[in-house]
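Asks: 3D model of this:
(chains A and B)
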There are 2 protein chains.
Amino acid sequence: MGRWEPGARERLAEAALELFDERGYEATTVADIAARAGVTERTFFRHYADKREVLFGDPAEYNAVFTDAVAAAPAEASPLDTAALALRAAGEWFVGRHPYARRRAAVVGAHTALQERELVKQLHLGEAIAAALVARGVPAPAAALTAELTTVAFHQAFTRWVARDEETDLGAIAIGVLDELRALTR
Amino acid sequence: MGRWEPGARERLAEAALELFDERGYEATTVADIAARAGVTERTFFRHYADKREVLFGDPAEYNAVFTDAVAAAPAEASPLDTAALALRAAGEWFVGRHPYARRRAAVVGAHTALQERELVKQLHLGEAIAAALVARGVPAPAAALTAELTTVAFHQAFTRWVARDEETDLGAIAIGVLDELRALTR
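Replies: Numbering: from 1, shown residues only, chains lettered A, B, ... in the order given. Take a look at the predicted model:
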């Protein structure tokens, strides 16, 4: 993954998205994806373990968007306030990514193998958020539940966000979902 | 699935659980599972599409435990009260199933392929609960969120329940988790 291949990772993700959409996930090979991206198969495997991974970016980087916000929250923030800050940070991260996210969501939703992988990534995101909350001194059961509320709010907000033709403020939608959760549990 | 094979479904699930535990999921074949259960491979495939399905029972039957409770809730019950009734019903359904559930959870948690399938089943359960709430007149966004809260509460409660050596009241644990969610969002 040297400097001589700028954007190979992103080109591979774009190529895979196009091919999964055109031919379906099963009918697309790693060789097809590499060829469309203009790289070798060897380069593909330097970036991704298999074709199932190619739409999922770097989970450590993605999870850090949420967990860094949790770690940076003021000491006096409640678990739910901390969740709100993580949702705002995730909203910021997705600015400008709506067109890709929208196409990606359609392809992932249409293929069980990709949907399964997405759900596991969501589970790991929740675990990472819970660990970040525990590191702030939140007791483990409350941390686990707050992490679940965060991923639920984010998932619901994301679903609404990609359903719209135009990019809107994902963070604001997510905060709105948190408010709806609050109202439901009142 | 005729009357001449009482319990073949359950015997297959038990055989698969034993074999996945002993040899791992990858090293176990459908032929192994069928042999251990004392049935033919053909019988296996009358009950399950593949070896990934064998620990998951009948999702329609399982989801109905929750959705029947939602449908039967008093007309005046709030969405969250309805969720509580579904959690109680699920708790009833699991009475006596703790030893199997505990072993099953350990095997599922140790194999990504099974964990992925479990997460998809949870997603479908949530969708079924949301549909049952919509059928009661709950608006779709509130139904989706209530369904997420229900599956989150159930999942957290289930995790705590199987972590214990002895069977306790799963429904009561789940109601307790709902209360914790309420406190977190206050």
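
Asks: List, one by one, the residues from chain A near chain B.
Replies: Within chain A, the residues that sit near chain B (C-beta under 8 Å from any C-beta of the partner chain) are A:79-80, A:112, A:115-117, A:119-120, A:122-123, A:141-142, A:144-146, A:148-149, A:152, A:155-156, A:177-178, A:180-182, A:184-186. From N, CA and C alone the C-beta is placed, and that goes for glycine too.

Asks: Can you tell me which of the residues you listed are buried?
Replies: Buried residues within those, defined by neighbour count using 16 or more other C-beta atoms under 10 Å in any protein chain shown: A:79-80, A:116-117, A:119-120, A:122-123, A:142, A:144-146, A:148-149, A:152, A:155-156, A:177-178, A:180-181, A:184-185.

Asks: thinking again about what came up before, return the subset of the residues of chain A next to chain B lying in helices.
Replies: A:79-80, A:112, A:115-117, A:119-120, A:122-123, A:141-142, A:144-146, A:148-149, A:152, A:155-156, A:177-178, A:180-182, A:184 (DSSP state H).

Asks: Quick one: low-confidence residue ranges for chain A.
Replies: Chain A contains residues with pLDDT under 70 at A:1-6.

Asks: for it, what spans make up the strands?
Replies: Counting by DSSP state E, chain A has no strands to list.

Asks: Closest to the centroid, which residue in chain A?
Replies: Among the residues of chain A, the one closest to the centroid is residue A:62, at 6.2 Å (C-alpha atoms, centre = their mean).

Asks: what about it, distance to residue B:184?
Replies: Here residue A:62 is placed at a distance of 24 Å from residue B:184 (C-beta to C-beta, to the nearest Å).

Asks: domain assignment for chain A?
Replies: Using automatic domain parsing, the domain parsing of chain A gives A:8-47, A:59-184.

Asks: of those, which approaches residue B:170 most closely?
Replies: domain A:59-184 (15.9 Å; C-beta to C-beta).

Asks: And that closest one, end to end?
Replies: Domain A:59-184 has an end-to-end distance of 31 Å (criterion: C-alpha to C-alpha, to the nearest Å).

Asks: and what of stretch A:62-82?
Replies: 17 Å.

Asks: Residue A:99: how many residues sit nearby?
Replies: If you count neighbours by other C-beta atoms under 10 Å in any protein chain shown, residue A:99 ends up with 11.

Asks: check contacts around the residue lying farthest from the centre of chain A.
Replies: The C-alpha centroid of chain A is most remote from residue A:186, which lies 29.3 Å away (C-alpha atoms, centre = their mean). Going by C-beta atoms under 8 Å, 6 or more residues apart in numbering or on different chains, residue A:186 touches B:182, B:185.

Asks: what does residue A:141 give?
Replies: Shown in contact with residue A:141 (C-beta under 8 Å, 6+ apart): B:156, B:180.

Asks: make it 7 Å
Replies: Listed by C-beta atoms under 7 Å, 6 or more residues apart in numbering or on different chains, the contact set of residue A:141 reads residue B:180.

Asks: ok, it to residue B:154 distance?
Replies: Taking C-beta to C-beta, one finds residue A:141 at 15 Å from residue B:154.

Asks: OK, contacts around residue A:89?
Replies: For residue A:89, the contacting residues are A:65-66, A:69, by C-beta under 7 Å, 6+ apart.

Asks: Looking at those, state which has the most neighbours.
Replies: residue A:66 (25 neighbours).

Asks: Give me the nearest residue to that residue, chain neighbours excluded.
Replies: Of all residues not flanking residue A:66 in the chain, residue A:86 sits nearest, at 4.4 Å (C-beta to C-beta, 6 or more residues apart in numbering or on different chains).

Asks: how about the helices of chain A, start to end?
Replies: Secondary structure of chain A (DSSP H): helices located at A:8-23, A:30-37, A:41-47, A:59-72, A:79-93, A:98-110, A:112-135, A:140-163, A:170-184.

Asks: can you put those in JSON lines and add distance to residue B:37?
Replies: What follows is the helices of chain A, written out as JSON lines (distance: least, C-beta to C-beta, whole Å):
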{"stretch": "helix A:8-23", "distance to residue B:37": "37"}
{"stretch": "helix A:30-37", "distance to residue B:37": "37"}
{"stretch": "helix A:41-47", "distance to residue B:37": "39"}
{"stretch": "helix A:59-72", "distance to residue B:37": "38"}
{"stretch": "helix A:79-93", "distance to residue B:37": "46"}
{"stretch": "helix A:98-110", "distance to residue B:37": "35"}
{"stretch": "helix A:112-135", "distance to residue B:37": "26"}
{"stretch": "helix A:140-163", "distance to residue B:37": "36"}
{"stretch": "helix A:170-184", "distance to residue B:37": "44"}
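
Asks: Out of these, which gets nearest to residue B:12?
Replies: helix A:112-135 (22.3 Å).

Asks: Distance-wise, check the residue nearest to residue A:69 when sequence neighbours are not counted relative to residue A:78.
Replies: Among residues not flanking residue A:69 along the chain, residue A:89 sits closest, at 3.7 Å (C-beta to C-beta, 6+ apart). Distance from residue A:89 to residue A:78, counting by C-beta to C-beta: 17 Å.

Asks: I figured residue A:178 hits residue A:84, correct?
Replies: Yes. The pair residue A:178 and residue A:84 passes the contact test of C-beta atoms under 7 Å, sitting 6.0 Å apart.

Asks: thinking again about what came up before, and which of the contacts of residue A:89 is nearest residue A:102?
Replies: residue A:65 (19.0 Å).

Asks: Show the contacting residues for the closest one.
Replies: Applying C-beta under 7 Å, 6+ apart to residue A:65 gives the contacts A:89-90, A:93.

Asks: now those residues in TSV, with distance to residue B:10?
Replies: Below are the contacts of residue A:65 laid out as TSV (distance: C-beta to C-beta, whole Å):
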residue	distance to residue B:10
A:89	48
A:90	44
A:93	47
